[in-house]
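Undergrad: no letters, just coordinates:
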C-alpha cells in the first residue's frame, strides 16, 4: 500500500510505493473519516522517497499511538557520504545508564535541584530502513511496547520528538528575538497565530532553548563579528568612526563608536552634553557610557557611546580621547555628570576648558540621607536652606546667605553640612547662571536614555546584539526628529496674545521651543510688562537674544536617511510576514471545513490541486535556474578566454623589475595588510586608531580624518571574559555557609568606626544630648 494513502494528506508527506491500491479501495479510504484522520502503521516493504518523509510518517503514527521516537543509529556510505541505513526506536528504548560517582570531587554544600528523568525500559518498538533502488525501504517494524502509552492527544505534544519548532516559526521567532521580546510574550504571539495555546507545537522552554542557541552563535567571535559589522558600516558610511583597545590577551578592553549623523549633529549641539555610565547591558558586565546631547526641538540625541572595562580614571581618559578624535578635536562647552571621582579626573585632563557640573539630584538625595534627620529637628532650617540654594542668583549672594544661615542656626561644627558646602561650586545653580544647561540640572537625560535602552536589550545580550539595538534606537530618534520637524513646518501654534513678538518667535523657534517661550511670556506679562513694552514701542525681539540652535536653521540637512537604510520593506521580511498570515488563514479554512464531511472533501480536493500546481511550478523554476546558470557559465568562459591569451602573450609581466624602478604592486585585502604603528606586532597591547606623532602638538588632539581606520586582524580579537552572574563564586561553592565571611563591612556613618554602626555610636548620643 502506498504511504500516500496510509496517512493524513494534510499533515503527512507523500511517499512512493511499488504497490498501488485499486481505485475502489482509494475511494473507500477517502469516504472513511476515521481512516483518513488516523495514520496507518508502517509495515515491511513500505517505501519512502526520503528519510525525512519516513521520519514524519513514523512521528505522526507515534503521536497517534501515544509514544515518542528517536534515532537509534544512522549510517553513511563511505563512497557518497550520504545516509544509507537508519533505525528509529521508541523514546524508552535502551537501558538506563548508571551514573559514576566521583569520589575525588567534594560534594557541594548547596542542595542539588530535584530533577525528573525519563526511565528507559528496553522497549522493543522500532522501525529499520535502508536505501534500495533510490528510495528508503522499511526492512523491519515492531510495534510492541513494554510500558504504558499516553491516551490523551494533548499530552503527546509534550514528548520531545513531537516538540519540534517548524522552520517557518524559527524565522519568525528570530525577528521577535531581535527586538528583545520576552519569551512569554513570544509564546503569546505564537498562540495568537495558532489561535490557541494548545495548538502551539512546542513549549516556552523549547523557545527559550532556541533563543539560547541564537545567542550562542556569537560565542567566542562576538567582537570579531562586531568589528566586521563596523567595517561594513564604514564601507556604506564614510564618516562612521570606531576605535578599540586590546589587553595583553588580545581581549577588548575599550570600545567606542559614533555614526555620521551624530558627528554632524555635534557640530551644532556641542554646547551641553550629559554623560553617565550604566551597567547590566551586556554579558561581559562592561559599563556602557553614552554621550547625550539636546537638539533644537529639546529632544535627547545620541552623540556616540562606548564600552569600558571598568570605571577607573584611565578608562574615562581613553574614552574622552576617542570622543575628541571623532569630533575633530572639539570639546563640549558644558557637561553634566554624577559625582564619580574617576569621571571628574578624566574630564579635567581631556576637557580642561569645559564647564563641569554635577548632578544636583544625586547630591541632594545623598545629603538628605546624611543630614536630613538632623535638619528636621531644627525648625526653619530646611526651608531657609532650600531657599538659599534655589533663589540665589550669584555666587556672592549664595555665600552670603549661606554664612548667615549657618550663624543663625549655630551649625558651624556639623561635619556633613561643612562637607556639603565644600562642593557648592559643582552643583548649586547660582554658580552656573551664566552657563548653558538648557532645561536640566541633573543627569535625567542620561538616566532616561539608559531606561529606554534597557527595554531594548537584556544583560544576556552580546556586544553585536547591543550595537544592532543601538542602531535601532538611533533610527527611532531620527524618526521622532523628523516628526517634530514636520510639525514645526506644517502646524500653527495657538496664539496667546496679540503681541507681534509672539508672531516673530513662532517663525524663528521650533514648535516645542516656541511653546516654552509662550509659557515664559505669559508668566512675564503677568507683571504688567506688556503696557511698558507698548509705551516703549518694543515690537520685535532683537536677534542677538535669539539662540540659533533653537531655530529651524540650526540644523541644515541634519535629518537624513541613515546609510544603508532601505526605503521599503525587504523582500525576505515580506515573505516571513506573508507566511505567518497565510498559515493563520489556512488554519481557519481547515477549522471551517472540518465541521462536515463535505467540507473536508473540498479541502482535500483543493490541496491535491495545489500540490500539483506547486510541484509543476517548482520544476519549471528549477529548469529556468539551470538554464540561467549554464548561460552565465558560458559567458564567463568566453570572457576569460581572451584574457588568458593576452596574459600568455605578454612576456613583460614575467620580467622582474630592475632595482631602483617602481612597479605596480598587487592590491592587498585587509587581512593581507601589515599593521603599522600601534597596530604592529611589536606593540600588540594597543589596538586603537593610529595616533600621529609629527603633526600633533602639545595640548592638541588628532582628528578622525588624520587617523587611519581600525585595521587590526579580525581573527586576533578576542571577546572579554563573560561575567558569571549565577550562583556563588567558584571558591565559595564548596564552603559551608557559616565559613563564608561577610561581603561588606559595616562602617559607622558618624565616626567611621568598623566596630559599631550609627545606632550604637557614642558620638551620636553626645550630639543628641547637646541638641
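TA: Perfect, thanks for sending it. Predicted, not measured: the structure shown is a model, and the values here were computed from it.
Undergrad: could I get the full set of strands for this structure?
TA: 47-48, 69-76, 83-90, 126-132, 135-142, 241-246, 252-258, 273-275, 288-294, 300-307, 334-337, 355-358 (DSSP state E).
Undergrad: CSV for the ones you listed, including mean neighbour count?
TA: Yep, even glycine has a C-beta here, placed from its N, CA and C like the rest. As requested, the strands of the chain are exported to CSV (neighbours: other C-beta atoms under 10 Å):
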stretch, mean neighbour count
strand 47-48, 22
strand 69-76, 14
strand 83-90, 20
strand 126-132, 19
strand 135-142, 17
strand 241-246, 23
strand 252-258, 24
strand 273-275, 26
strand 288-294, 23
strand 300-307, 24
strand 334-337, 22
strand 355-358, 20
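Undergrad: residue 186 is nearest to which of those?
TA: Closest approach to residue 186 among the strands of the chain (C-beta to C-beta): strand 288-294, 25.4 Å.
Undergrad: just how off-centre is that closest one within its chain?
TA: Chain-centre distance of strand 288-294: 17 Å, with C-alpha atoms, centre = their mean, to the nearest Å.
Undergrad: between that strand and strand 300-307, how many degrees?
TA: 160 degrees (axes from the mean of the first three to the mean of the last three C-alpha atoms, to 10 degrees).
Undergrad: just checking, what packs against strand 288-294?
TA: The contact analysis (3 or more C-beta pairs under 8 Å, 6 or more residues apart in numbering; DSSP states H and E) places strand 288-294 against strand 273-275, strand 300-307, helix 313-326, helix 444-456.
Undergrad: can you tell me which of those is packed in deepest?
TA: Mean neighbour count (mean count of other C-beta atoms under 10 Å) peaks for strand 273-275 among those, with a mean of 26.
Undergrad: can you map out the helices along the stretch 451-600 of the chain?
TA: 463-490, 500-508, 511-525, 529-536, 571-593, 597-649 (DSSP state H, counting those that start in this stretch).
Undergrad: quick check: which of the ones you listed is nearest to residue 322?
TA: helix 463-490 (15.7 Å).
Undergrad: what's the separation between residue 157 and residue 59?
TA: According to C-beta to C-beta, to the nearest Å, residue 157 stands 12 Å off from residue 59.
Undergrad: follow-up on the earlier one: could you dump the strands of the chain to JSON lines with mean pLDDT and distance to residue 500?
TA: Listed next are the strands of the chain as JSON lines, based on pLDDT from 0 to 100; distance: least, C-beta to C-beta, whole Å:
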{"stretch": "strand 47-48", "mean pLDDT": "92", "distance to residue 500": "86"}
{"stretch": "strand 69-76", "mean pLDDT": "93", "distance to residue 500": "84"}
{"stretch": "strand 83-90", "mean pLDDT": "95", "distance to residue 500": "86"}
{"stretch": "strand 126-132", "mean pLDDT": "94", "distance to residue 500": "90"}
{"stretch": "strand 135-142", "mean pLDDT": "94", "distance to residue 500": "88"}
{"stretch": "strand 241-246", "mean pLDDT": "93", "distance to residue 500": "46"}
{"stretch": "strand 252-258", "mean pLDDT": "93", "distance to residue 500": "43"}
{"stretch": "strand 273-275", "mean pLDDT": "92", "distance to residue 500": "36"}
{"stretch": "strand 288-294", "mean pLDDT": "92", "distance to residue 500": "29"}
{"stretch": "strand 300-307", "mean pLDDT": "91", "distance to residue 500": "33"}
{"stretch": "strand 334-337", "mean pLDDT": "93", "distance to residue 500": "33"}
{"stretch": "strand 355-358", "mean pLDDT": "92", "distance to residue 500": "36"}
